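Participant: What shape does this take:
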Amino acid sequence: MNSDRDNQILSHVYRISTLLTEPTTTDKVLESIVQTVKKDLNFNRCSVYLVNKVTKYLECKYITGFSPHLEKFVMERPFNLTTHDCIETKVAMTGEPILVKNFNSDPGLTEIDKRVTNRMGRGCTLYVPLKIKGDVIGILGVDKKYDEPEINDNEFESLSILANYASIIIENSKLLQDVMNEKKFSENVLKSSINGILTVDILGRITSLNPAIEETFRIKKEDVLGKFIWDIFDSSEWITNSKKIIAEHINIKGWEFTSKTKEQDETILNISTSHITNETGNLIGFTFLVQDITNEKKRDQYLQRVNRLISIGELAAGIAHEIRNPLTGIGVVLDILSRKERSKTELNLINDANGEIERLEKLISDLLTFARPRELNFDLVDLKTIITSIFYLIKEQCNHKKIKLIIEVSDDLNCLFLDQERIRQGLLNIVINAINAMPNGGKLIIRALNYKDGVDSDGAVKIVISDTGTGISNENKNRIFDPFFTTNNEGTGLGLSITHSIIKEHNGFIHVESEEDKGSEFTIILPCRRPNVSEDLAGL
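Facilitator: Alright, predicted model coming up:
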């Protein structure tokens, strides 16, 4: 063998192999191999075929030296290793090189060989196998035109040597590309996951996190990578549990953790963990799966509240009827007593008793309104007219109490199927509470805008009523819709309960956010579609 030639081939191989030190594709490696054959071994026409073990086809992956039309033709027509009998498939099946010096006189050629030769115009042709540990992964082919010298022994040997090294480089590039594709796929899964996924090493240092974690935890990837997971939240519960998971190597499921932002917004998270092990089964880290279940929790609380109110309403209705009958009797007796000559003191007592009866009658009426609402009268209504009527109703009262009243209604606000009087009553109950919560003045805002929640295709309208009053304590926040719950000595505690029932009658949703000494904000969602009245009344 010629040592200078061998060294030259090895230098070419080294140049090709350097491609694997940086992200590249198998196509680029094949292109580099073909260009080496073409420029350094002086073959003008060259092709590389790779075996597809799944389909059993020999597929041309790179070809040069022919017309674009012919190259496209070859790339689009793979050889079937089981049915096509030709020199290409023979080399792939036997693992032995084949040199054809003359296609006109070689007795071993098949009809396929002759057709390919006529189409491609090839002269002296050589195919050598690309093998890894005896397994053929493809073939490397060169040919010369009729008017060019035949392929000599040195060229045969040079191509064979190059093919041996090229096989290793091609296989490594395919493995590298598979790894890169798998990594890219995993990254895409992490990026597109709606659940937060965070990983830490065995010491608890954060090694990776997906965009859902950044959004849920309100952190940036570059700010937390390498930091300990217990440093994310300044919470004793978070610090204690996360340290315990890492120190004791335990997995948890269904840990509900409530995180708070600087603005005191609460997010309820469901957290589960699992071990990360290496190929030998040794623990190398932990995965934290984080689900934001805030909306689910709010929905569950809302349904529990609805069921509780239904039960209380049924009880209240029965009690109201039982109280109303004896009240009527007491009223009749008082009326009889007042007709006889009485002292001024006695008449005052009778009048006071009648006043209390009237107060109880109003309470009973409110109870029955809450528990047994009248039949609804749905019409297509412009909500702006209802809000405007409330504005004029409370305007003077707000001026008197130095409350700035602001109305913001979208010009393109959708019309809704509503019982106009019931919705006015429901909104007015909230507004009156807001006014009473601002004895020293403040700001009352009523906003209405179109709302899309992605669930109701007909759309909805969102009403937001906010004030800068005394606010509601966390202790009372979950009780404000309960009947008879009130912090106002002069109130009955039924106003917001009735509002809740009215919103439910319209298949709507009501939610409150409040902070003591800062104010409250009631959010109401009303669907545009017409409610199913029979179902709503049946639920009550």
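Participant: which residues in the stretch 101-250 of the chain form strands?
Facilitator: 125-132, 135-143, 196-201, 206-209 (DSSP state E, counting those that start in this stretch).
Participant: Residue 74: which of those strands is closest?
Facilitator: Nearest to residue 74 among the strands of the stretch 101-250 of the chain is strand 135-143 (10.5 Å), distances taken as C-beta to C-beta. The way it works is simple: take the backbone N, C-alpha and C, and place the C-beta from them, glycine included.
Participant: helices or strands up against the closest one?
Facilitator: helix 26-39, strand 45-52, strand 57-64, helix 87-94, strand 125-132, helix 153-192 (3 or more C-beta pairs under 8 Å, 6 or more residues apart in numbering; DSSP states H and E).
Participant: run the last query once more with 7 Å
Facilitator: strand 45-52, helix 87-94, strand 125-132, helix 153-192 (3 or more C-beta pairs under 7 Å, 6 or more residues apart in numbering; DSSP states H and E).
Participant: Adding mean neighbour count, distance to residue 466 and mean pLDDT, write those out as TSV.
Facilitator: Formatted as TSV, the helices and strands packed on strand 135-143 follow (neighbours: other C-beta atoms under 10 Å; distance: least, C-beta to C-beta, whole Å; pLDDT from 0 to 100):
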stretch	mean neighbour count	distance to residue 466	mean pLDDT
strand 45-52	22	65	94
helix 87-94	20	76	95
strand 125-132	22	71	94
helix 153-192	16	36	82
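Participant: Same list (those) but as CSV, adding distance to residue 225.
Facilitator: Formatted as CSV, the helices and strands packed on strand 135-143 follow (distance: least, C-beta to C-beta, whole Å):
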stretch, distance to residue 225
strand 45-52, 39
helix 87-94, 48
strand 125-132, 38
helix 153-192, 14
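Participant: Kindly reformat the strands of the stretch 101-250 of the chain as CSV and extend each row with distance to residue 388.
Facilitator: Shown next, in CSV, are the strands of the stretch 101-250 of the chain (distance: least, C-beta to C-beta, whole Å):
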stretch, distance to residue 388
strand 125-132, 81
strand 135-143, 79
strand 196-201, 45
strand 206-209, 50
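Participant: could you point out where the stretch 351-500 of the chain is predicted with low confidence?
Facilitator: 363-374, 453-457, 483-485, 487-493 (pLDDT under 70).
Participant: Now do the helices in it.
Facilitator: 383-400, 420-436, 474-477, 495-505 (DSSP state H, counting those that start in this stretch).
Participant: From the chain's centroid, how far away is the last one?
Facilitator: The one in question is helix 495-505. Its chain's average C-alpha position is 33 Å from that of helix 495-505, according to C-alpha atoms, centre = their mean, to the nearest Å.
Participant: Please go through the protein and pick out the longest strand.
Facilitator: strand 266-277 (DSSP state E).
Participant: I'd like the average pLDDT over the next helix or strand after that strand.
Facilitator: Counting by DSSP states H and E, the next helix or strand C-terminal to strand 266-277 is strand 283-292. Averaging the model's pLDDT scores along strand 283-292 yields 91.
Participant: quick one: strands adjacent to strand 283-292?
Facilitator: Sheet pairing of strand 283-292 (DSSP bridges) gives strand 196-201 (antiparallel), strand 266-277 (antiparallel).
Participant: and the last one, average pLDDT?
Facilitator: For strand 266-277, the per-residue pLDDT values average out at 88.
Participant: okay, the strands paired with strand 283-292 in a markdown table with mean neighbour count and distance to residue 90 next?
Facilitator: Putting the strands paired with strand 283-292 into a markdown table (neighbours: other C-beta atoms under 10 Å; distance: least, C-beta to C-beta, whole Å) gives the following:
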| stretch | mean neighbour count | distance to residue 90 |
| --- | --- | --- |
| strand 196-201 | 21 | 51 |
| strand 266-277 | 16 | 47 |
